[in-house]
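S.K.: Model the structure of this input:
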Amino acid sequence: MHRYLRAIGFSKVKNKKHLDKLLKDIIMQPDMEKLAIDSEGNEFFELVRKFNDHVGITVCGEYQEDNSFYIDYFYPVFWGEGVTTTEAVEIERHMENESYAGVCDEMRLGVTLIFYLQNVADYLNQKNAFGSFGNHISATLSALSLSGKIILPISKDEKQIENIEKNNRNRNCLIAAAREGDEEAIESLTLEDMDTYSMISRRLEKEDVFSIVDSYFMPYGIESDHYSILGEILEVKSSRNDLTDEELYILKVNANDMVFDVCINKMDLFGEPLAGRRFKGYIWMQGKMNYQN
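M.R.: Modelled structure (predicted):
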């Protein structure tokens, strides 16, 4: 049972019988079907059923000689909007099946960003046509969450916001220079981190940590594409799973200056989400590669 089925409105699918029926219905009547040739030269089919404009389930596998469908794997999918990153993305195959992860050195995060690739068939077709990684121009990231809470924002005036944006731009420039081996940039980043640590240590004696830390994006647990985040909510949408009628929240979040959409079951979110407030939670990061025609 995939844990994140709950995030797209399938909290009541709790046994194999219900799951098998759901997957059988998707195979019999998919909303979208894509074909590609996988890394071993076999046919790879991607069958997608949408349960509203934002969420669905993708079933991947191949058709047998008797026209039955062999399921290699499936996963819940949430399609985000807009462009999240234009950084170079490398695609790596998982060990157990024909699923893939995107790996990106995103300067705004300061860590290597890893996400679960949504459009595998598109990637395989691009790879077969154009080479190792295809001709992608950007990536749209989105996330599913099983647990989250709403936190009030930190009060900031216009000058403070302007200074924060300026500092973020300077830090991104230093990180870019450090990547190229600039020793001065590396030293500046090290000193800046030491100053930040010292400042936080002093303030923690009298203040709550969430009145100091405005936003963060950190790896969480042993899964490489799972993260703990805190970010400002830019937009809130209510949605509903057309099959189960469960209510969902779709939050556009800015975490560490990176904007992406998060989908969470209304039952799993503590607090009332509003633009300007902050979302704190654990996410499974997915992503779609955007390719040139």
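S.K.: hey, let's count contacts and neighbours off CA atoms from now on
M.R.: Fine.
S.K.: Got the confidence number for the residue nearest to Ala88 when sequence neighbours are not counted?
M.R.: Using C-alpha to C-alpha, 6 or more residues apart in numbering and skipping the chain neighbours, the partner closest in space to Ala88 is Cys104 (6.3 Å). Each residue has a pLDDT score; the one for Cys104 is 89.
S.K.: Ok, His136 next?
M.R.: For His136, the model assigns a pLDDT of 69.
S.K.: The one 3 residues further on now?
M.R.: We have a pLDDT of 91 for Ala139.
S.K.: Give the bridge partners for it, please.
M.R.: Here Ala139 sits in beta bridges with Thr85, Met289, as judged by DSSP bridges.
S.K.: show me where pLDDT drops low in the stretch 101-250 of the chain?
M.R.: Across the stretch 101-250 of the chain, the ranges flagged by pLDDT under 70 are 132-136, 157, 160-161, 164-165, 172, 174-176, 179.
S.K.: and the gap between Asn15 and Glu158?
M.R.: 52 Å (C-alpha to C-alpha, to the nearest Å).
S.K.: how many neighbours does Asn125 have?
M.R.: 16 (other C-alpha atoms under 10 Å).
S.K.: in the strand or helix carrying it, what's buried?
M.R.: Secondary-structure assignment from DSSP states H and E places Asn125 in helix 120-130. Residues of helix 120-130 classed as buried: Val120, Ala121, Asp122, Tyr123, Leu124, Asn125, Gln126, Lys127, Asn128 (neighbour count, 16 or more other C-alpha atoms under 10 Å).
S.K.: correct me, but the first one touches Gly102?
M.R.: Right, the one you point to is Val120. No: contact status for Val120 versus Gly102: not in contact, 10.6 Å apart, counting by C-alpha atoms under 8 Å.
S.K.: Would you mind putting the CA coordinates of stretch 98-109 into CSV?
M.R.: Extracted as CSV, the C-alpha positions of stretch 98-109 are listed here (Å, rounded to 0.1, in the frame of the first residue of the first chain):
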residue,chain,number,x,y,z
GLU,A,98,11.8,1.4,-14.2
SER,A,99,11.3,4.4,-12.1
TYR,A,100,13.5,7.4,-12.0
ALA,A,101,14.7,10.3,-9.8
GLY,A,102,15.7,13.8,-10.8
VAL,A,103,18.9,15.2,-9.1
CYS,A,104,19.5,18.9,-9.2
ASP,A,105,22.0,21.2,-7.5
GLU,A,106,19.6,24.0,-6.6
MET,A,107,21.6,27.0,-5.3
ARG,A,108,18.6,28.5,-3.4
LEU,A,109,18.5,25.4,-1.1
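S.K.: With that, I have no additional questions.
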